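> sequence-free structure coming up:
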């Protein structure tokens with residue numbers, strides 16, 4: 001039987017699965033309000049779906065369900081603001097079982113909101129200095145994709161454009177930014 005926390009994540013993942021971040025935001029805000037401090041601490045360990053897309057009655061999302069679920073966890077932590085910050089940092093710092101791009105963009109949004117801005121920017125900068133390809137490229141892609149909805153994370157990422165990607169023969173965050181094509185999520 002799924003827990004209330006898993007059901008909250010599922011609701012946000014389904015809202016996100018419709019392809020519009022604007023539809024996901026009110027659902028995530030509502031679910032975050034209902035989560036207790038004890039549950040917030042558990043969110044980073046809920047990175048893997050406890051409810052399948054089929055069981056959630058959205059079989060059309062089966063191929064992207066793992067990504068949607070993880071992004072839903074990140075968005076709920078973001079909506080928890082300062083209380084969700086430790087969970088987002090935990091997810092960003094992991095090398096396995098994480099989609100760095102979803103976490104980094106939420107951390108940059110928190111920093112832009114004035115939540116522990118210096119701490120977040122230092123931690124993101126430090127992580128980008130160790131994050132290899134393709135994860136660093138995914139971070140740039142996701143941050144660029146958020147531009148139509150919230151351009152502030154991209155502006156903050158641009159301050160880190162000189163960071164060299166480990167093991168990339170000199171590639172930098174700026175080089176990733178220049179190589180990005182048109183926004184693939186233009187239908188926001």
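In hand now; what should we look at? In this text, all values refer to a predicted model and were calculated from it rather than measured experimentally.
> so where is the chain shaky, pLDDT-wise?
Along the chain, the parts satisfying pLDDT under 70 run over 1-2, 181-188.
> got the domain ranges for it?
1-81, 99-188 (automatic domain parsing).
> who are the packing partners of the helix or strand harbouring residue 103?
In this assignment (DSSP states H and E), residue 103 forms part of helix 100-112. Secondary-structure packing of helix 100-112 (3 or more Cβ pairs under 8 Å, 6 or more residues apart in numbering; DSSP states H and E): helix 65-79, helix 85-93, helix 117-128, helix 135-145, helix 152-158. For every residue, glycine as well, the C-beta is placed using N, CA and C.
> roughly how far is the following helix or strand past the shortest one from the heart of the chain?
Using DSSP H and E, the helix or strand that follows helix 152-158 towards the C-terminus is helix 173-179. Its chain's C-alpha centre and that of helix 173-179 lie 20 Å apart, by Cα atoms, centre = their mean, to the nearest Å.
> check stretch 129-139 too.
Computed by Cα atoms, centre = their mean, the separation of stretch 129-139 from the middle of its chain amounts to 14 Å.
> which residues does it contact?
With Cβ atoms under 8 Å, 6 or more residues apart in numbering as the test, stretch 129-139 has contacts from 99-101, 104-105, 128, 157, 163-168, 171, 173, 176.
> can you say which of the helices and strands packed on helix 100-112 is packed in most?
Scoring these by mean neighbour count under mean count of other Cβ atoms under 10 Å gives helix 65-79 as the most buried, with a mean of 25.
> contacting residues for the residue in the chain sticking out farthest from the centre?
Relative to the C-alpha centroid of the chain, counting by Cα atoms, centre = their mean, residue 169 is the outermost residue, at 27.1 Å. Residue 169 makes contact with no residue under the criterion Cβ under 8 Å, 6+ apart.
> how far does stretch 152-163 stretch from start to finish?
Taking Cα to Cα, to the nearest Å, stretch 152-163 runs 19 Å from one end to the other.
> what sits up against that stretch?
Residues from elsewhere that reach stretch 152-163 (Cβ under 8 Å, 6+ apart): 105, 108-109, 111-112, 121, 124-125, 128-129, 139-140, 143-144, 146-147, 172-174, 177.
> now swap in stretch 13-23 and tell me
Around stretch 13-23, the neighbours that count as contacts under Cβ under 8 Å, 6+ apart are 24, 27-28, 49, 56, 58, 61, 64-65, 68-69, 71-72, 75, 146, 149, 185, 187-188.
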